[in-house]
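Chemist: no sequence on this one, just coordinates:
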C-alpha cells in the first residue's frame, strides 16, 4: 500500500536568443514564479566594474532615476554603448569613471566598444530589484526550476554546467534559449512565465561566479518551523463536501501556491487547499482516508484534511524539496530535500521531526559529494519491508531505511549509477527500478538483499515518473518515457529484457496506466510540438491512438475506477478529461492556474512504491 511521489518536471535551463535591437520594455506575466537579484551597490564609488574579461556584475537591477557608475578596472580604455544608443560614453581611461542616470524603465543591454565580447545589461524599474520575482532570491528560483538538470550550484548534471567558463555564446543566444527553449529537449521556453526583466536577471546569475556557501537547515530549524494551523479537535467528523473520498483528484496549481481538488466521479471542483510554492510530492495515508500530505518545492510539508479540504499542520523540512512518502502503517512520513542535502523522517500524526539524515557519500567517480535526494519511496512490510527507500542523485547511491526500528537504521548501496532520478517498485515489491539518467539506464535492485541485479539500457535520459506496470498475456511489464528523446521503452519484469521500443514525437516525462484499462498513456511534453498524448495497447505494445489537443498536456492520471483520464495542460491552464476506452474528450475543467501534477486518492493503495 504505497504512496506516490510526484517527480519534478525536469526543466533544462540553458542556451539560444534573437539579438535585441534596443531597449526592451518589461513584459507583463500572469502567475509566474519570481526571483530577486539584489542590486550591487559599492562603497567605493561605483556600481559596475569594467574588467578585462567582463562586467561585474553582468546584469544590474536599479531603481528608476538612480545614477549608475561604472569604473574601468581593465588595462585599456573602454567605450560603453547601450542598445538603441540609450547611452554612449566617451572613452573611459583605465581607472576612470562613467555615470548615467536611468530615467526610463526597461532592459538596457550594453557593450564595451573598446573590447570585443564585453556585454552587460541594466534592468530598470520603479523599485529596482524589488519589482521582480515576488522577492524570491534568484538562486532559490534557479534551484527550483533549473537545478534538477543543471545542478544546485550550476555544476551540471543531466543538463550542462551553467557557469561563466562554459557560457561562451553571446547574451542574445542565452536569452533566446531561456525564452524559447530548445525544441526536442526537456528545456522549455519561459517566455510565458518570466518577464523580459526576469529573464535578464536570471542570465545575470548564470554569468556570475558560483557562490559555494552551503545552505543549512538542521533539526533545530525544522522543529522551530512547525505550525499547527487547525486543531484536530475542531475538524469535522465527516466530509464537508460531496466528493468520493476514493476518487478525489488533487491538482497542483503550480504558480498559485495551492492544490485544486476535483471529484473524479462528476468532474466538479470541490475546493482548493493552500500549499507551499509549487506543490510537489504527494502521499496519502493508507490507514485513514481523511489525511493527505504534500511537500512543496520550498520545503514546506503540509498535513491536509481531505474532509474539510484544509491544511492542519505544516513544517519546513528543507529549503528546496521534492520527495515524499508515507509508511504503510501510517505512522511515519519521509521528506527528501535538494537543499540542503538531507532526508527527514517525521511522525505522520503530529509532523514532529524524528530523524535527520545527511545524504552524502562517495559518488561513482570516487569523490565525496553532498547529494540531493532524487526519490523517496515506501516498501510494503507484508511483502518485503518495512522500508523507506531513497535515491541519492549525485552520489549514485540507494539507501534503505528500516522504519520499524526506533533509530531508523540505514543500509547503503553504492555505485548504482550516475545522476539517479525517479523510479518505482515491481508490484510484488521485490525489485526497485531506478532511472540512472547519466548512464541512460534503468537499474534493477533486489530490495530484500539490497543489491543491483542488472541494468537495462533503455534510451536517452529515462524518466519513468511514478511508474507504469501492468500484466498482459501472463507477463508483467514495466515502462518508461525518456526526457532526452521521443521514445517509450517497455521491458519484461521477469527477466528485465526489453520487449518494445516505441517512437514518439518527442521527449516526455510521465507515463501511467490502470488495472481496469487495456491501455498505457504517455505524454510528450518536451517535443517540438508538445500537444500529443500517446495511447499504447498493453498486449500488442502498439500505439492505438494519439490525442493531439492543447499546447502542453502532461501527467495523465486515471480515476479510481479507470473510466476516465485527467490530463493537465500547463500552458492552456485547463484540465481535459477523456474516456479511457474511447479516448473521447468528456470534459474541460478551466479556471485552474498552471496545472501540472494530478494525483488520485486511490494511490493510497498503490504498490509502485510512492
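Modeler: Sure thing, it's come through. Note that this is a predicted model, so its numbers are computed, not measured.

Chemist: any low-confidence regions in the stretch 151-300 of the chain?
Modeler: Under the criterion of pLDDT under 70, the regions of the stretch 151-300 of the chain flagged as low confidence span 157-158, 165, 184, 212-214.

Chemist: the chain now?
Modeler: When residues are selected by pLDDT under 70, those of the chain lie in 1-45, 114-117, 157-158, 165, 184, 212-214, 608-610.

Chemist: show me where it has helices.
Modeler: Shown for the chain, the helices assigned by DSSP state H span residues 138-145, 147-150, 171-180, 196-206, 219-225.

Chemist: what count of nearby residues applies to the closest residue in space to residue 162 that isn't next to it in sequence?
Modeler: If the residues on either side of it in the chain are set aside, residue 162 comes closest to residue 154, at 4.2 Å by Cβ to Cβ, 6 or more residues apart in numbering. (C-beta placed from N, C-alpha, C; glycine too.) A count of neighbours around residue 154, defined by other Cβ atoms under 10 Å, yields 27.

Chemist: now swap in residue 135 and tell me
Modeler: Counted with other Cβ under 10 Å, residue 135 comes out at 11.

Chemist: next one: the one 10 residues further on
Modeler: By other Cβ under 10 Å, the residues close to residue 145 number 24.

Chemist: CSV please, covering the helices of the chain and showing distance to residue 501.
Modeler: Below are these laid out as CSV (distance: least, Cβ to Cβ, whole Å):
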stretch, distance to residue 501
helix 138-145, 31
helix 147-150, 24
helix 171-180, 29
helix 196-206, 36
helix 219-225, 44
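
Chemist: winner for burial among these?
Modeler: Of all the helices of the chain, helix 147-150 carries the top mean neighbour count, a mean of 26, counting by mean count of other Cβ atoms under 10 Å.

Chemist: which parts of stretch 368-377 are buried?
Modeler: 369, 370, 371, 372, 373, 374, 375, 376, 377 (16 or more other Cβ atoms under 10 Å).

Chemist: what's the spacing between the third one and residue 419?
Modeler: As judged by Cβ to Cβ, to the nearest Å, residue 371 and residue 419 stand 10 Å apart.

Chemist: common neighbours of these two, please.
Modeler: Taking Cβ atoms under 8 Å, 6 or more residues apart in numbering as the contact rule, the neighbours common to residue 371 and residue 419 are 393, 394.

Chemist: re the thing from before, distance to residue 524 for the buried residues of stretch 368-377 - can I get that in JSON lines?
Modeler: Formatted as JSON lines, the entries for the buried residues of stretch 368-377 read as follows, by distance: Cβ to Cβ, whole Å:
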{"residue": "369", "distance to residue 524": "33"}
{"residue": "370", "distance to residue 524": "34"}
{"residue": "371", "distance to residue 524": "30"}
{"residue": "372", "distance to residue 524": "26"}
{"residue": "373", "distance to residue 524": "28"}
{"residue": "374", "distance to residue 524": "23"}
{"residue": "375", "distance to residue 524": "23"}
{"residue": "376", "distance to residue 524": "27"}
{"residue": "377", "distance to residue 524": "26"}
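
Chemist: what residues does the spatially closest residue to residue 568 that is not a sequence neighbour make contact with?
Modeler: Using Cβ to Cβ, 6+ apart and skipping the chain neighbours, the partner closest in space to residue 568 is residue 595 (3.9 Å). Residue 595 makes contact with 251, 252, 253, 254, 260, 568, 569, 570, 573, 574, 575 under the criterion Cβ under 8 Å, 6+ apart.

Chemist: doesn't residue 188 make contact with residue 180?
Modeler: No: counting by Cβ atoms under 8 Å, residue 180 sits too far from residue 188 to count as a contact (9.2 Å).

Chemist: and the helices of the chain: which comes nearest residue 485?
Modeler: Closest to residue 485 of the helices of the chain, according to Cβ to Cβ: helix 147-150, at 15.1 Å.

Chemist: just checking, what packs against that closest one?
Modeler: In terms of contacts (3 or more Cβ pairs under 8 Å, 6 or more residues apart in numbering; DSSP states H and E), helix 147-150 is packed against strand 332-339.

Chemist: now do the strand it packs on: distance to the chain's middle.
Modeler: Computed by Cα atoms, centre = their mean, to the nearest Å, the separation of strand 332-339 from the middle of its chain amounts to 15 Å.

Chemist: and that strand with helix 138-145, angle?
Modeler: 120 degrees (axes from the mean of the first three to the mean of the last three Cα atoms, to 10 degrees).

Chemist: can you give the strand pairings for strand 332-339, parallel or anti for each?
Modeler: Here strand 332-339 is paired, per DSSP bridges, with strand 320-326 (antiparallel), strand 342-347 (antiparallel).

Chemist: mind checking which of the ones you listed is nearest residue 537?
Modeler: Each of these was checked against residue 537 via Cβ to Cβ, and the shortest separation belongs to strand 320-326, namely 31.4 Å.

Chemist: buried residues in the closest one, which are they?
Modeler: For strand 320-326, using 16+ other Cβ under 10 Å, the buried residues are 320, 321, 322, 323, 324, 325, 326.

Chemist: okay, those residues in a markdown table with distance to residue 549 next?
Modeler: Converted to a markdown table, the buried residues of strand 320-326 look like this (distance: Cβ to Cβ, whole Å):
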| residue | distance to residue 549 |
| --- | --- |
| 320 | 34 |
| 321 | 33 |
| 322 | 29 |
| 323 | 31 |
| 324 | 31 |
| 325 | 33 |
| 326 | 35 |
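
Chemist: still on that earlier bit, among the helices of the chain, which comes closest to residue 48?
Modeler: Taking Cβ to Cβ as the criterion, helix 196-206 is the member of the helices of the chain that comes nearest to residue 48, at 11.4 Å.

Chemist: residues in contact with residue 64?
Modeler: For residue 64, counting by Cβ under 8 Å, 6+ apart, the contacting residues are 102, 103, 104, 105, 124, 125, 126.

Chemist: longest strand in the protein, by residue count?
Modeler: Longest strand in the chain by number of residues (criterion: DSSP state E): strand 462-472.

Chemist: quick one: distance of it to the chain centre.
Modeler: Counting by Cα atoms, centre = their mean, strand 462-472 is centred 19 Å from the centre of its parent chain.

Chemist: tell me what it is packed against?
Modeler: Using 3+ Cβ pairs under 8 Å, 6+ apart as the contact criterion, the secondary-structure elements in contact with strand 462-472 are strand 420-425, strand 431-436, strand 441-446, strand 475-482, strand 511-513.

Chemist: swap in 7 Å and give it another go.
Modeler: Helices and strands touching strand 462-472, by 3 or more Cβ pairs under 7 Å, 6 or more residues apart in numbering; DSSP states H and E, are strand 420-425, strand 431-436, strand 475-482, strand 511-513.
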